[in-house]
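Peer 1: Following is a predicted model, sequence given first.
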Protein chains: 2
Amino acid sequence: MGMSKCEQCIIKQFNSLKALTKDELLRISGCKTSKVIKKGEVIFEEGDMLNGVFCVKDGICKLSKLSANGKDQIVKLVVKGDLLGQRSLIGDESANLSAVALNDMEVCFIPKSEIMSDLQNNSNFSMDVLQQMAHDLKESDNVIVNMAQKSVKQRLAESLLYIYEHFGNNDDGYLSVVLSREDYANIVGTATESAIRILSQLKKEGLITTSGKQIKIEDVNGLKRIE
Amino acid sequence: MGMSKCEQCIIKQFNSLKALTKDELLRISGCKTSKVIKKGEVIFEEGDMLNGVFCVKDGICKLSKLSANGKDQIVKLVVKGDLLGQRSLIGDESANLSAVALNDMEVCFIPKSEIMSDLQNNSNFSMDVLQQMAHDLKESDNVIVNMAQKSVKQRLAESLLYIYEHFGNNDDGYLSVVLSREDYANIVGTATESAIRILSQLKKEGLITTSGKQIKIEDVNGLKRIE
DNA sequence: GGCAAAACATGACAAAAATCATATATTGTT
DNA sequence: AACAATATATGATTTTTGTCATGTTTTGCC
């Protein structure tokens, strides 16, 4: 528990922690705890007060929100290198989203007091976090436009491409992120049956192939071209 | 042009500029320019490089993005007291959205260099901006969930309530923000005809009344209850 | 390996929303 | 005031998407 050292951890290169000084990293290293989270486990839930952030060392989780009609909407996928929970910490609010592991994960938990004091005192760090949030906001706006203006088929195709471009394939050419049909439906905001139906269509059209839950993108441009 | 003084401007109380020191405000006051923008005028467009932020002293504008199918999606309404353009500045990217005045506006333009140096040097200011962005991100997530999971009628009802609760009525009881039916359609992400049709329905159901473009909310709870 | 539960698949139908057509009202301009 | 341009309104129809039903496959577990 918490034996490895932040200053030597390569993961930090991918997130705002890279802006911290060696001293700050040493302090964080001393008070962080690292945990293993099993597939399907809840990291935190909507409404929870977080008292720190999670730095994802391995694995993937989904951030989702339960809507009034009882369906879960997946808002974001968080992967190796990402930080988790900064927004609630900074806004000093309870979590707006739930985080659930999609496969086995390894995360480090850094207590709130550390992060907040570094944000106050290290302007490189706060600027980096600011930039990250500006970027996230831009992405959110784009998602809103897509949700509002595109068909379910287009949105599903784009989700496949997003996963393909951001998280890549594994050795056998299948997407490295493996989601259930229900998860896809919850990303796109549609009924599970509709997601299944459209994936079948895409198969027939030769744009993807599948093997169980695994999906292989066969024609990137074809997916991009969907009316 | 630019004669009034930031340190005395009450508008700043509503945004992150309140976290600046008197000296910083004096400096900004010296280099800002204030402009009047007519209804329908474009403040900036998608892809423009901004070299400063706008502080809205009066009026309302819409932030929207053109989607692939040629329709505009309105992502946010910006009103008196809000800042405009921070995200592009912070992210050092071209504007992701277009800003168009919905009525006559008065804004102050503050050059990039000023804002960025204050962000670097005044941690109260950067923390305030950070909190604002954390809040915006939360709002964005909620919009995504609504777009994905709710019917057009529910979304339109919520938009009316949003405007009612955030911007209020004017003396005669009509919403103080006056939008065209097309604007409503572009907020909700639907066809203009659908927006018109649903507003007619809401009238028949006694939840709203209208007079030309003006809309009066007659039954807040009724609007909230829409299945 | 066998069994139950969960996930996937697909058809039939219903509901929601988009599109097309057309009519009326409002607004801005001369 | 008259006109054109724009915005609002509403009907008819088509397309998209959701729901319900039912069967098949896969998965986890004893």
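Peer 2: The structure has been received and is ready for your questions.

Peer 1: now the residue nearest in space to the middle of chain A, which residues is it bridged with?
Peer 2: For chain A, A:Val78 is the residue whose C-alpha lies nearest the centre (CA atoms, centre = their mean; 1.7 Å). Listed beta-bridge partners, A:Val78: A:Cys61 (assigned using DSSP bridges).

Peer 1: State the distance from it to A:Thr33.
Peer 2: The span separating A:Val78 from A:Thr33 equals 19 Å under the rule CB to CB, to the nearest Å. C-beta: built from backbone N, CA, C; applies to glycine.

Peer 1: what does chain A put close to DNA strand D?
Peer 2: With CB under 7 Å from any atom of the strand as the criterion, chain A comes near DNA strand D at residues A:151-153, A:189-191, A:193-194, A:212-213.

Peer 1: Let's see that with 10 Å instead.
Peer 2: Residues of chain A lying near DNA strand D by CB under 10 Å from any atom of the strand: A:39-40, A:69-71, A:150-156, A:178, A:180, A:185, A:188-198, A:210-214, A:227.

Peer 1: and chain B, which of these contact it?
Peer 2: A:69, A:71, A:150, A:188-189 (CB under 8 Å from any CB of the partner chain).

Peer 1: For those residues, which two are the farthest from each other?
Peer 2: The largest distance within those, taken as CB to CB, falls between A:Asn69 and A:Lys150 and amounts to 20.8 Å.

Peer 1: neighbour-wise, which of these two wins?
Peer 2: Applying other CB atoms under 10 Å in any protein chain shown to A:Asn69 and A:Lys150 shows that A:Lys150 carries more neighbours, namely 20 against 10.

Peer 1: Stretch A:162-174 - what's its average pLDDT?
Peer 2: Model confidence over stretch A:162-174 averages 93 on the pLDDT scale.

Peer 1: Pull out the buried positions in it.
Peer 2: Counting neighbours by 16 or more other CB atoms under 10 Å in any protein chain shown, one finds that the buried residues in stretch A:162-174 are A:163-164, A:174.

Peer 1: Low-confidence regions, chain A specifically.
Peer 2: Per-residue confidence for chain A (pLDDT under 70) gives these ranges: A:1-3.

Peer 1: again, only this time at 80
Peer 2: A:1-4 (pLDDT under 80).

Peer 1: What segments of it are helices?
Peer 2: If you assign secondary structure with DSSP state H, the helices in chain A sit at A:22-31, A:86-91, A:112-121, A:123-149, A:152-167, A:181-188, A:192-204, A:220-225.

Peer 1: quick one: is the second one near chain B?
Peer 2: Yes. Judged by CB under 8 Å from any CB, helix A:86-91 comes into contact with chain B at A:86-88, A:90-91.

Peer 1: Now distance to B:Asp136 and neighbour count too, for those, in a markdown table please.
Peer 2: Formatted as a markdown table, the entries for the residues of helix A:86-91 next to chain B read as follows, by distance: CB to CB, whole Å; neighbours: other CB atoms under 10 Å in any protein chain shown:
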| residue | distance to B:Asp136 | neighbour count |
| --- | --- | --- |
| A:Gln86 | 14 | 23 |
| A:Arg87 | 10 | 27 |
| A:Ser88 | 14 | 22 |
| A:Ile90 | 11 | 24 |
| A:Gly91 | 10 | 18 |
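
Peer 1: out of the residues you listed, who's nearest B:Ser117?
Peer 2: A:Ile90 (21.9 Å).

Peer 1: tell me which residues of stretch A:132-139 are tucked away?
Peer 2: Buried, per 16+ other CB under 10 Å, within stretch A:132-139: A:132-134, A:136-138.

Peer 1: ok, is stretch A:11-18 in contact with chain B or not?
Peer 2: No. Residues of stretch A:11-18 are not located near chain B by CB under 8 Å from any CB, the shortest gap being 11.4 Å.

Peer 1: how about the residues of chain A near DNA strand C?
Peer 2: Remark: the part of chain A in contact with DNA strand C comprises A:40, A:148-149, A:151, A:178-185, A:191-201, A:203-204, A:210-215, using CB under 10 Å from any atom of the strand.
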